[in-house]
Structure formats: C-alpha cells, structure tokens
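Q: Let's see this in three dimensions:
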Amino acid sequence: MPLAAVGQFCATASIAANKLICIELIKKAARQGASMIFLPEASDFISRNAQEAKDLTTSLGASEFLKGVQNEAAASRIWVSVGVHETTLKDKIFNTHLVIDSSGTIKSTYRKIHLFDVDIAGGPRLMESDTTEKGDVVGVPEKTPLGKLGLQTCYDMRFPESSITLRARGAELLAYPSAFTIRTGMAHWEVLLRSRAIETQTYVIAAAQIGQHNEKRASYGNAMIVDPWGTVLARCPDNLNKPTLAVADIDLESLYKVRTEMPVMDHRRTDLYPKIE
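A: From the prediction side, this is the model:
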C-alpha cells in the first residue's frame, strides 16, 4: 500500500527559511518511503499584516519558494501537496493549493473558494476578502500515487457541499492544508475533519501550521490523516520547536469495502433535495 506523509511547521515571513523547512520535510518523507507529502496552507509565508502579504506574494512562475519545492519533489521522486500565495489580476492574492508530481511538474491548481469574512457591529472585523480573491471552481480530483485526490483549503472544510461534490466526481482522498486558529482548532478541527471523512467515505489528509508565527497570529497544529471510517490514523505531535511528520498507509481496498457496506451515496434523496455533482 502507498504511504502518505502529512507535515506541520511554523511558517514566518521569511520565505527563504520556510523553503528550507519544507525541503527538509520533503526529504524526510521520501526517506520514510512516502509516495506523497502534504504541506500546510501558506507554507511559503505567514505575514505580519496585509501589506506585507502583498509585498511577499508573486506569480507561481516567479516564486522562489515554489521552485525550491518543485526541485526537491523531482530530486526526492515524491509527489507534494502544498498551500501558497499567488498574485491575481486584481490588487489581491489567491490562497492556492498545488499538487506537484515526482518530476516537479504542477499537476493541479486549486484556489480557495470559501473566505472567512466576519464584520460584527461593535465586535470583531475579520475580512479575508479584503486581501484575498476567492476561487470560482471546485475542481476535479487529481490522479496521484495514493488515489484520486480532491483539493480544498482550511475554511473549506466547514462546507460539506464541496467535499461531497469532489466525492461525486471520483475523489478517494481529500486534502485540507490549513492554518487553523488555536481557539477554533481546539473546538472544531478534528470534528470537522472526521465528519468530512465519514460523510464522503474518503481519506482526509490535513497538513497544518503550528505555533506562534508573529505577535498577532498563532496556529493550532495537529496535522492528521483520517480514514474513510473516521478513524484518525496518524497525527503530528504538539511540538512547537521543530517541524514534524506523521505517516499512514492508504488502503483503497478498505475504502471501497466501506463504501460497499454502507452505500450512503446511493441512498441520497435527490428527489427531495438538490443533487450535488
């Protein structure tokens, strides 16, 4: 069975430092025999403010971080899932999830479709859309050494419709590179990931940022791999001092056994509510 590796680390505003960390995680995953490694959302950088984010963001073709990851994917002969920032045609940024094959070629590009916008009178104002342009395509699963992989990012996991859409389009795995806050992570992270795995009967792989990125931002960590039954197969430790990996076998025979014995997709009452496809 192919082996998947999921990683976590604490990104900063130093693209060069983050690149070196990701390269080392890719090497480590390859040495452990993984066919594919999953790296977090915003692996290229986590900025201190919106202006710094715009200043650090480039096109995919001009990204030194991405070039380093692609080169190491080819050198280590391993597939990579990674979250990065990408310039748009407007004065905003895409939150982009890439799949890179073992020759270093970008095989799939997904731009986060759900943005976290909250503006409460007299309360907090957190508007991701102030700096980030939302994607407009759910996409189709990409064939990888692990199986057919559907791409999502972080906040997307709160919207089951997109994961069900990917399952309907053939997904056997779902990936959610993330940078969850500590408060929401403690309350919802594992519950959401296990729910998405159970309802879609797919493997769910969620790489994660962890630790204090700067004076304003910290992430929950707990990167994990969940099987189609909802069991957490592997989880990165709460280690704030060094980047870590967790690994698990991907057993598609077991996945299809779950789907055969509990055929929930065949039981959907699309005569009563809209069909998701």
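
Q: For the rest of this, base every contact and every neighbour count on C-alpha atoms.
A: Fine.

Q: can you list the weak-confidence ranges in the stretch 51-200 of the chain?
A: 123-124 (pLDDT under 70).

Q: make it 50
A: Judged against pLDDT under 50, the stretch 51-200 of the chain has no low-scoring part.

Q: All the strands of it, in order from the start?
A: Listed in chain order, the strands of the stretch 51-200 of the chain (DSSP state E, counting those that start in this stretch) span residues 79-87, 93-100, 106-111, 117-119, 125-127, 142-144, 147-151, 173-175.

Q: Check which helices and strands the fifth one sits against.
A: Where contact means 3 or more CA pairs under 8 Å, 6 or more residues apart in numbering; DSSP states H and E, strand 125-127 is packed against strand 117-119.

Q: ranges for the helices of the protein?
A: 15-31, 50-56, 64-76, 160-168, 182-184, 190-200, 252-261 (DSSP state H).

Q: for the strands of the stretch 51-200 of the chain, which one ends up most surrounded?
A: strand 173-175 (a mean of 29; mean count of other CA atoms under 10 Å).

Q: any idea how far residue 204 lies from residue 5?
A: Distance of residue 204 to residue 5, given as CA to CA, to the nearest Å: 12 Å.

Q: now do residue 77
A: 14 Å.

Q: Neighbour count: these two, which is higher?
A: residue 5 (28 against 19; other CA atoms under 10 Å).

Q: How about that one: which residues does it bridge to?
A: For residue 5, the beta-bridge partners under DSSP bridges are residue 37, residue 247.

Q: Show the contacting residues for it.
A: Residue 5 sits next to 29, 34-38, 245-248 when contact means CA atoms under 8 Å, 6 or more residues apart in numbering.

Q: Could you dump the helices of the chain into a markdown table and include mean neighbour count and distance to residue 85?
A: Formatted as a markdown table, the entries for the helices of the chain read as follows, by neighbours: other CA atoms under 10 Å; distance: least, CA to CA, whole Å:
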| stretch | mean neighbour count | distance to residue 85 |
| --- | --- | --- |
| helix 15-31 | 19 | 11 |
| helix 50-56 | 14 | 8 |
| helix 64-76 | 19 | 10 |
| helix 160-168 | 21 | 21 |
| helix 182-184 | 13 | 22 |
| helix 190-200 | 20 | 23 |
| helix 252-261 | 14 | 32 |
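
Q: how long is stretch 125-137 end to end?
A: End to end - CA to CA - stretch 125-137 spans 27 Å.

Q: Please tell me I have it right and residue 204 contacts residue 167.
A: No. Counting by CA atoms under 8 Å, residue 204 does not reach residue 167; the two are 11.6 Å apart.

Q: how close does residue 73 sit to residue 2?
A: Taken as CA to CA, the span from residue 73 to residue 2 is 17 Å.

Q: swap in residue 227?
A: Taking CA to CA, one finds residue 227 at 14 Å from residue 2.

Q: So for these two, which residue has more residues nearby?
A: residue 227 (25 against 15).

Q: Looking at the contacts of residue 5, which is nearest residue 160?
A: Taking CA to CA as the measure, residue 160 sits nearest to residue 38 out of the contacts of residue 5, at 21.0 Å.

Q: Report how many residues lie close to the closest one.
A: Neighbour tally, residue 38, other CA under 10 Å: 28.

Q: need the contact list for it.
A: Taking CA under 8 Å, 6+ apart as the test, what residue 38 contacts is 4-7, 80-82, 175, 177, 205-207.

Q: Now for the residue nearest in space to the middle of the chain: which residues touch it?
A: In the chain, the centroid-proximal residue (CA atoms, centre = their mean) is residue 177; its distance is 1.8 Å. With contacts defined as CA under 8 Å, 6+ apart, the neighbours of residue 177 are 38-41, 82-83, 97, 152-154, 205-208.

Q: What about it? Give its phi and psi, please.
A: phi -60, psi 130 (degrees, to the nearest 10).

Q: Neighbour-wise, which one of the contacts of residue 177 leads?
A: That'd be residue 207 among the contacts of residue 177, by other CA under 10 Å, with 35 neighbours.

Q: what's the distance between that one and residue 252?
A: 20 Å.

Q: Right, I'll call it a day here.
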